[in-house]
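# predicted model follows, preceded by the sequence.
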Amino acid sequence: MQKQCLECGEKIVGRIDKKFCSDGCRNTYNNRINKDSKNLIRNTNNWLRKNYRILEELNPDKKTKTSRAKLIEKGFDFNYITSIYTTKAGTVYYFVYDQGYLPLENDFYALVKRE
């Protein structure tokens with residue numbers, strides 16, 4: 001009994017455990033199967049990258065202060081962070097990789113860079 005390619009249905013020649021007739025069929029099959037999860041990951045990474053660039057641009061000296069309005073104006077989305085750091089005193093910093101922010105009073109934020 002001949003095995004058939006999972007993508008195009010062509011006969012498979014070669015190793016017994018082969019599932020595809022070519023690299024093209026293997027790539028097409030895997031891209032189709034993983035399409036939804038890849039879009040989610042791609043979109044999340046795009047938001048993280050955008051947030052990182054905004055924090056980096058507004059914080060060239062590794063420590064500064066900015067307003068919520070300025071962050072939002074640049075397109076910052078507070079829903080996308082990579083980690084949260086809580087100090088012993090209970091202060092909560094939100095980070096996008098090594099760029100972080102600390103909510104202050106009156107809609108201001110302290111921007112920091114983790115060393």
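Nice, I can see it. Quick caveat: nothing in here was measured; it's all calculated off a predicted structure. Residues are numbered from 1 along each chain as shown.

# roughly how far apart are the residue most central in space within the chain and residue 80?
In the chain, the C-alpha nearest the mean C-alpha coordinate belongs to residue 45, at 2.1 Å (C-alpha atoms, centre = their mean). Residue 45 sits 9 Å away from residue 80, taking C-beta to C-beta, to the nearest Å as the criterion. In this view, the C-beta of every residue, glycine as well, is placed from N, C-alpha and C.

# got it, and residue 5?
Distance of residue 5 to residue 80, given as C-beta to C-beta: 40 Å.

# could you list the low-pLDDT ranges of the chain?
Within the chain, the stretches with pLDDT under 70 are 1.

# can you rerun that using 50?
Of all residues in the chain, none has pLDDT under 50.

# which residues in it form strands?
Taking DSSP state E as the test, the strands found in the chain are 63-67, 83-86, 92-96, 99-103, 108-113.

# could you check how far residue 34 is from residue 40?
Relative to residue 40, and taking C-beta to C-beta, residue 34 is found at 10 Å.

# please read the previous query as pertaining to residue 26.
23 Å.

# the two: who's more crowded?
Neighbours were counted for residue 26 and for residue 40 using other C-beta atoms under 10 Å; residue 26 has more, 16 against 9.

# what sits against that one?
With contact taken as C-beta atoms under 8 Å, 6 or more residues apart in numbering, residue 26 is in contact with 7, 19, 20.

# quick one, which of those are buried?
The neighbour count (16 or more other C-beta atoms under 10 Å) marks 7, 20 as buried among the contacts of residue 26.
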